[in-house]
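# show me the folded form of this:
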Amino acid sequence: MVQMDAVQERLFKEVADLHNIPEGAYNLRANGESIGRNTTANIDIQSKTDVSGIDIRIKAGTKNESVHIPVVLSQSGLKEDIYNDFFIEEDCDVLIVAGCGIDNCGAQDSEHDGIHRFYIGKNSRVCYVEKHYGSGDGSGKRILNPVTEVHMDEGSIMEMEMVQIKGVDSTKRTTIADLKADAKLVVHERLMTHGQQQAYSIYKVDLNGDGSSADVVSRSVARDDSYQKLDLCVVGSAACSGHTECDSIIMDNGRILAVPSLEANNIDAALVHEAAIGKIAGEQLIKLMTLGLTEAEAEEQIINGFLK
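Got it, this is the predicted structure:
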């Protein structure tokens, strides 16, 4: 285990809630290099030989175990592309914690582009947490462009928590999923942008098996002069159910574009989209201000509750 400096320790806390070395399997990466790795009897982690990245293999029947694979960058001007593949066999129940934190105090852009591919076996359940965070007072940008591919076998469940609430100048998050019979995908996205930041979230979900379902919900806040685009596409090609939702707050000169797309290729495909974009309701502010909060404090209270 390589010794971490104070900035790297702070970034790991922000993106993976790591205050100490985690229990179970892990691969910690900082400034383009692995700084610590651990495997277990049921979870193996191996470096790829052709590209930068790792293979994570989880044995059938693995229950109540976790894998932590966060990445941090504290070196200005660093750009990396990482390819991580997860092979989860049948009847598993595991937690996977990823995420990336960038602290850029220099003049050059720092960028992390990661591709995570999940192959989830029959009746397995995966909880996946991916947090993005940026900090540093340099003029260089903090850029994150993650791609997540999810291939779900029969009866499997994937729960995804995708969070970005501070400091990332530019991001394009792409999530692609295909589901077989009785598979279930649940996504909760939380996003906040400010300043001149731009964020693009793209989801393409193919419901290919009878009984498959997807619930993709995005909550976001656009402040200052920031811009967000949410592109939600669900394709139902079987007797399935799909639900997408965009629930957003705009403040100052913020802009949000939501682009829903539902495609039903089967008479028993039930697909629904909901959207609400607007400013904070005046009565909400007034109610909190009667309790002694300033308008700014009331706004922060509402935003914090909204993004929980």
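# ok, which stretches of the chain are helices?
6-16, 282-289, 295-306 (DSSP state H).
# and the angle from the shortest one to helix 295-306?
Meaning helix 282-289. If you take axes from the mean of the first three to the mean of the last three C-alpha atoms, to 10 degrees, helix 282-289 sits at 110 degrees to helix 295-306.
# quick check: buried residues in stretch 166-181?
Residues of stretch 166-181 classed as buried by neighbour count (16 or more other C-beta atoms under 10 Å): 167-181. C-beta coordinates here come from the backbone N, C-alpha and C atoms, glycine included.
# residues near G53, how many?
20 (other C-beta atoms under 10 Å).
# what bridges to it?
Y83 (DSSP bridges).
# mind giving me JSON lines with the helices of the chain and columns for mean pLDDT, distance to G242 and mean neighbour count?
Formatted as JSON lines, the helices of the chain follow (pLDDT from 0 to 100; distance: least, C-beta to C-beta, whole Å; neighbours: other C-beta atoms under 10 Å):
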{"stretch": "helix 6-16", "mean pLDDT": "87", "distance to G242": "30", "mean neighbour count": "19"}
{"stretch": "helix 282-289", "mean pLDDT": "77", "distance to G242": "31", "mean neighbour count": "13"}
{"stretch": "helix 295-306", "mean pLDDT": "84", "distance to G242": "24", "mean neighbour count": "14"}
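# wait, which of those helices is closest to S248?
helix 295-306 (9.5 Å; C-beta to C-beta).
# same for the closest one, what does it pack against?
If you count contacts as 3 or more C-beta pairs under 8 Å, 6 or more residues apart in numbering; DSSP states H and E, helix 295-306 packs onto strand 213-222, helix 282-289.
# nearest to T148, out of the ones you listed?
Nearest to T148, of those and by C-beta to C-beta, is strand 213-222 at 12.3 Å.
# give me the contact list for stretch 117-127.
Stretch 117-127 is contacted from outside by 60, 83-96, 128, 148-159, 161, 183, using C-beta atoms under 8 Å, 6 or more residues apart in numbering.
# give me the buried subset of the residues you listed.
83-86, 88-96, 128, 148-159, 183.
# run the chain-centre distance for the helix or strand bottoming out on mean pLDDT in the chain.
In the chain, no helix or strand scores lower on mean pLDDT, DSSP states H and E than helix 282-289, which sits at a mean of 77. Distance, stretch centre to chain centre, for helix 282-289: 31 Å (C-alpha atoms, centre = their mean, to the nearest Å).
# output it as CSV, nothing but the C-alphas.
Output in CSV follows, covering the C-alpha atoms of helix 282-289 (Å, rounded to 0.1, in the frame of the first residue of the first chain):
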residue,chain,number,x,y,z
GLY,A,282,-41.9,31.0,-3.6
GLU,A,283,-44.1,29.5,-0.9
GLN,A,284,-41.4,27.1,0.0
LEU,A,285,-39.0,29.9,0.6
ILE,A,286,-41.5,31.9,2.5
LYS,A,287,-42.3,29.0,4.8
LEU,A,288,-38.7,28.5,5.7
MET,A,289,-37.9,32.2,6.1
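# against which helices or strands is it packed?
Using 3+ C-beta pairs under 8 Å, 6+ apart: helix 282-289 touches helix 295-306.
# flag the least confident of the buried residues of stretch 166-181.
On pLDDT alone, G167 ranks lowest of these, at 92.
# if you drop the residues flanking it in sequence, what lies closest to that one?
G134 (2.9 Å; C-beta to C-beta, 6 or more residues apart in numbering).
# what about that neighbour, neighbour count?
25.
# I'd say it and C105 touch.
No: applying C-beta atoms under 8 Å, one finds G134 not in contact with C105, separated by 11.5 Å.
# pull up the gap between the most centrally placed residue in the chain and C246, please.
Closest to where the C-alpha atoms of the chain average out (C-alpha atoms, centre = their mean) is M162, at 2.6 Å. Separation of M162 from C246 (C-beta to C-beta, to the nearest Å): 14 Å.
# again, but for D210
28 Å.
# how about G292?
From G292 to C246 the distance is 33 Å (C-beta to C-beta).
# if you count what's nearby, which of those two comes out ahead?
The residue with more neighbours, out of G292 and C246, is C246; 24 against 8, by other C-beta under 10 Å.
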